[in-house]
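Chemist: I would like the atomic coordinates for the input below:
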Amino acid sequence: MGFEFFIASRLKLGNNEKAGSPSLNVALVGIILAIVIMILSVVIVLGFKNEITTKINNLDSHIKISNGAIGIDDNIATVDMREIANALNQDSAMLQNIEDVSLIAEKPAILKTDSDFKGLQFRGVDANFDFSFLKSHLLEGRVPTYDNSDSTQEIIISSTIANQLQLNVNDKILTYFIDEKVKVRNCHIVGIFNTDFESFDKNYIVGNIALLQSVNDWKAHTGNYVGVKLKNIDNIDDVAYSTFGTLATYSISDNDNSTVYNVTSTHQNNISYFTWLSMLDMNVVIILVLMIIVSTFTLISALLMIILERIKMIGLFKALGASNHSIRRIFIYLTHKIIFKSIIIGNVIGIGLALLQQHFHIIKLNPDAYYMNYVPIDINVPMLIFLNVAIIVISYITLIGPSYIISSIKPTSTMRFE
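Modeler: Numbering: from 1, shown residues only. All right, here's what the predicted structure looks like:
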C-alpha cells in the first residue's frame, strides 16, 4: 500500500468523524443524481430501440424479394415462389441463416359494415408465415388456419379497426377489392390483435393469401413478394445484397426466367423509423455529456472544499518533507471516496428504478406517439460497466488539474488557520 493511499484511507471526509460537511453532502447528492440520470437515459433509450426494432422486424419481412418491374400494375409485377425457392437453394450460406420463407400478397381493400367503412391494406400470407409475434399480441381469438377451403376467408384485425367499425371475433365483414371492377369477399374475423404500432394497426389486416389469389386470378404459387425471415439479422444489408446477386445469377442462367428481382432489407423498407432511432443515440450522447459536465464541476468543488478543510494538514505534510505530488495524490484519493460512494448509491438507485419499470411498467406512454404503452427498459450489463468505468476514469483526469492548487500553499501561510 502506497504512502498516499494509506493516508487517504485513514482520513475522514468533513470536519468530524460522524458526517461530512453540508457542502460535501450536497456534492455527493449531485453526483448521485447525475449517475442515476445517465443510467436511466441509457437503459430507456436501449429499451426504445430494442422494442421498436423488434416490432419492425416482426411486422415486416427481414428481406423482401419482389418483381423489379416498378410502376407496373400489381397483377403483372408478381413473383413465382417456386423460382425464388430454386434460386435460394443455390446459396448454401444463406440457407443456413433462413428461418422461414413465405409468399405474401398485399392489396388495397375496403371493410364495410351497415353503418361505417374503412380503407386499408389486406396482407395475405401463406401457411409458412410466422404468426408468433401476432399471436403474442392477440387480445382475443386466434390466428388464421390453413386447414380447409373455409379458412380462406379468415382474417385477423387490430383493436383499432375493431373499435372503429364495432366488430368482434366471429363477425362476418364484407371486404371490397377495386380493380377494373369491384370484387367482394365475405371475410370471417377470427382474432383481434394490438401491437401498439400505429402505422400497422390502423392500416393492415392479415388473412390467407389464397383469398387475394382468387381476387387477382393468380395461380397458387404467385404473390407480390417473398418474405424471408433470418435467424441472424446483424448483417442484414449484406445478406440482402448477396441475395440479389444469387437471384440475378439464377435469372441469367435460367432461359425460362427473365425476371429482374428487387431485393430490399427491413432497414431500407423502414428507413424513416431507423433514422429516428439513430437520432435517439444523439440524445443520449447529449444527456451523458451534460451530466458529465455537471459531475465534473461538482467534483472540482468537492476537491477544493476538502483542501480548504485540510489546509493545516497540507502545511504540516510539507513541513515534514512531503512533495506536492504526494499531497495531490492524497487529496485525489480522498475525493475518490465521494466518487465510489456516489457510483455505488447511484447504481443501486438507477438500476433499482429500471428494474421496477421493467417488471411493473409503472410509467405509461401514449402508444399513438411512442408505438408502445409503457416506458421500455433494456438493462445492458456491458454498457453499464463501460459507463461506470468511464465515470471513474474521467473523474480521475478531472481532478488532476485542480489539485495543483496545493503547490501554491506554503507551510508558513497555514499558521493563519490556527
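Chemist: Relative to Asp201, how far out is the closest residue to Glu198 other than its chain neighbours?
Modeler: Nearest residue to Glu198, sequence neighbours excluded (Cβ to Cβ, 6 or more residues apart in numbering): Asp368, at 5.5 Å. To be clear about C-beta, it is placed using only N, CA and C from the backbone, and glycine gets the same treatment. Note on Asp368: its distance to Asp201, by Cβ to Cβ, to the nearest Å, is 10 Å.
Chemist: ok, now Ile233?
Modeler: 23 Å.
Chemist: Same check on Met81?
Modeler: With Cβ to Cβ as the criterion, Met81 and Asp201 are 28 Å apart.
Chemist: Repeat that for Met305.
Modeler: Following Cβ to Cβ, the distance that separates Met305 from Asp201 is 56 Å.
Chemist: Please apply the same query to Val143.
Modeler: 16 Å.
Chemist: same thing with Gly315?
Modeler: Gly315 is 72 Å from Asp201, by Cβ to Cβ.
Chemist: Now do the helices in the stretch 251-400 of the chain.
Modeler: 266-269, 271-309, 311-319, 324-360, 367-370, 381-400 (DSSP state H, counting those that start in this stretch).
Chemist: any idea which residue sits dead centre in the chain?
Modeler: Centroid-nearest residue in the chain: Lys49, 1.3 Å away (criterion: Cα atoms, centre = their mean).
Chemist: Quick check, that one in contact with Leu277.
Modeler: Yes. Lys49 lies in contact with Leu277 (Cβ atoms under 8 Å); the separation is 5.2 Å.
Chemist: how about low-confidence regions in this structure?
Modeler: Residue ranges of the chain with pLDDT under 70: 1, 12-21, 23, 70-76, 254-258, 407, 410-418.
Chemist: now with 80?
Modeler: Low-confidence segments of the chain, defined by pLDDT under 80: 1-26, 69-77, 93, 149-150, 251-259, 303, 306-322, 325, 334, 402-418.
Chemist: Mind giving me the packing neighbours of the strand ranked longest in it?
Modeler: In the chain, with assignment by DSSP state E, the single longest strand is strand 98-112. Applying 3 or more Cβ pairs under 8 Å, 6 or more residues apart in numbering; DSSP states H and E, one finds that strand 98-112 makes contact with helix 81-88, strand 117-125, strand 172-178, helix 209-216, strand 222-223, strand 225-230.
Chemist: Note down every partner strand of the last one and its orientation.
Modeler: In its sheet, strand 225-230 lies beside strand 63-67 (antiparallel), strand 98-112 (antiparallel), with partners assigned from DSSP bridges.
Chemist: Neighbours of the residue nearest to Leu230 when sequence neighbours are not counted, how many?
Modeler: Distance criterion Cβ to Cβ, 6+ apart; nearest residue to Leu230, sequence neighbours excluded, is His62 at 4.6 Å. Per other Cβ atoms under 10 Å, the neighbour tally for His62 reads 24.
Chemist: I figured His62 hits Lys229, correct?
Modeler: Yes. The pair His62 / Lys229 is scored as a contact, 5.4 Å apart, by Cβ under 8 Å.
Chemist: For Val79, give me phi and psi.
Modeler: In terms of degrees, to the nearest 10, the main-chain angles of Val79 are phi -130, psi 150.
Chemist: Which strand residues bridge it?
Modeler: In beta-bridge terms (that is, DSSP bridges), Val79 pairs with Gly223.
Chemist: neighbours around it, how many?
Modeler: Neighbour number of Val79 under other Cβ under 10 Å is 23.
Chemist: Just confirm it contacts Lys64, I think it does.
Modeler: No. Judged on Cβ under 8 Å, Val79 makes no contact with Lys64 at a distance of 10.1 Å.
Chemist: Between those two, which contacts overlap?
Modeler: Both Val79 and Lys64 are contacted by 225-226, under the criterion Cβ atoms under 8 Å, 6 or more residues apart in numbering.
Chemist: Please report the distance of Phe317 from Ile7.
Modeler: Taken as Cβ to Cβ, the span from Phe317 to Ile7 is 8 Å.
Chemist: so what sits against both of these two?
Modeler: What both Phe317 and Ile7 touch, as defined by Cβ under 8 Å, 6+ apart, is the set Ile330.
Chemist: More neighbours: which of Ile233 and Asp201?
Modeler: Asp201 (21 against 17).
Chemist: What residues does the more buried one make contact with?
Modeler: So Asp201 contacts 158-161, 193-195 (Cβ under 8 Å, 6+ apart).
Chemist: I'd like these laid out as JSON lines, including secondary structure.
Modeler: Output for the contacts of Asp201, formatted as JSON lines (DSSP: H, G, I helix; E, B strand; the rest coil):
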{"residue": "Ser158", "secondary structure": "strand"}
{"residue": "Ser159", "secondary structure": "helix"}
{"residue": "Thr160", "secondary structure": "helix"}
{"residue": "Ile161", "secondary structure": "helix"}
{"residue": "Phe193", "secondary structure": "strand"}
{"residue": "Asn194", "secondary structure": "coil"}
{"residue": "Thr195", "secondary structure": "coil"}
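Chemist: Give me the buried entries from these.
Modeler: 158-161, 193, 195 (16 or more other Cβ atoms under 10 Å).
Chemist: burial of the closest residue to Asp91 other than its chain neighbours, as a residue count?
Modeler: Distances taken as Cβ to Cβ, 6+ apart place Thr246 nearest to Asp91, at 4.5 Å, with adjacent residues excluded. Using other Cβ under 10 Å, Thr246 is surrounded by 19 other residues.
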